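# Could you work out the structure for the sequence below:
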Amino acid sequence: MKKQQHYVITLGRKYGSGGGEVAKKLSEKLGIPYYDKEILQMVADESGIKESYFHLADERAGDKILYKVMKSMSPKISSPSVDGNILSDDNLFMFQSQVIQKLAEQESCIIIGRCADVVLKDHPRLCRIFINADKIPRMFRLKERLGVDTNKEIEKLMKKTDKQRSDYYNYYTGKKWADMDNYDMILDSGVLGIDTCVDVIAAYVEIRGFLEAGK
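From the prediction side, this is the model:
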């Protein structure tokens, strides 16, 4: 099918909601790539900084003291620095944002997390999606995926990961993570299931006019 100019789907997600699986199946359905951890390798290649530094800062808030004292003041998303602060969390975020912006310029794609919905807020063909689910289906999914038996351990991991993602998003965007006002739609994968979430997003992309009818 003939595609029109590039569009981007950003996919926020709660831990265990199946956001990664949604992205993978949506990628197959629409015939466009999706990017998650792959972005970290791209950023490392682009910046010349070891990939491990980006993994350490991945979806975690920057300067923790600054975050606690000045929650309402998020750092401005701008070009990364190459001076003495090159390895600061905030600067690593700038490198990552630069790569996300380049991907959005080069091709239609799906980008998971990493504040992409705000990094790309000026993109004219942007779909901002968040995948949610209640605690029980998330716990069930994570127990299967991670092979962890105890509910207590899974619940602790869920709370920790969601807090990291929330702090990271709130810090770098000045917005509230998982707030419905920040997204075009929030889908409950526990109610709808993964495949229906994929179908709904694909239909929304078509309704927006980013694909020709009949894709």
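# the strands in the chain, which residues?
Shown for the chain, the strands assigned by DSSP state E span residues 8-13, 34-35, 109-112, 126-132, 185-188.
# mind checking the longest helix of the protein?
helix 151-173 (DSSP state H).
# Next up, the contacts around Gln106.
Gln106 makes contact with His6 under the criterion CB atoms under 8 Å, 6 or more residues apart in numbering. (C-beta placed from N, C-alpha, C; glycine too.)
# Could you list the low-pLDDT ranges of this structure?
For the chain, the stretches with pLDDT under 70 are 1-4, 46-88, 212-215.
# List the contacts of the spatially most central residue of the chain.
Taking CA atoms, centre = their mean as the criterion, Gly113 is the residue nearest the geometric centre of the chain, at 0.9 Å. Shown in contact with Gly113 (CB under 8 Å, 6+ apart): Leu11, Gly12, Arg13, Gly19, Asp36, Glu59, Arg165.
# out of the residues you listed, which is most surrounded?
When neighbours are taken as other CB atoms under 10 Å, the top entry among those is Leu11 (27 neighbours).
# most tightly surrounded among the strands of the chain?
strand 8-13 (a mean of 26; mean count of other CB atoms under 10 Å).
# That strand relative to strand 126-132, how many degrees between them?
20 degrees (axes from the mean of the first three to the mean of the last three CA atoms, to 10 degrees).
# Dump strand 8-13 to CSV, restricted to CA.
What follows is strand 8-13 as a C-alpha-only set of coordinates in CSV (Å, rounded to 0.1, in the frame of the first residue of the first chain):
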residue,chain,number,x,y,z
VAL,A,8,4.9,8.5,14.6
ILE,A,9,3.2,6.5,17.3
THR,A,10,4.5,7.1,20.8
LEU,A,11,3.6,4.4,23.3
GLY,A,12,3.7,5.0,27.0
ARG,A,13,2.9,2.0,29.2
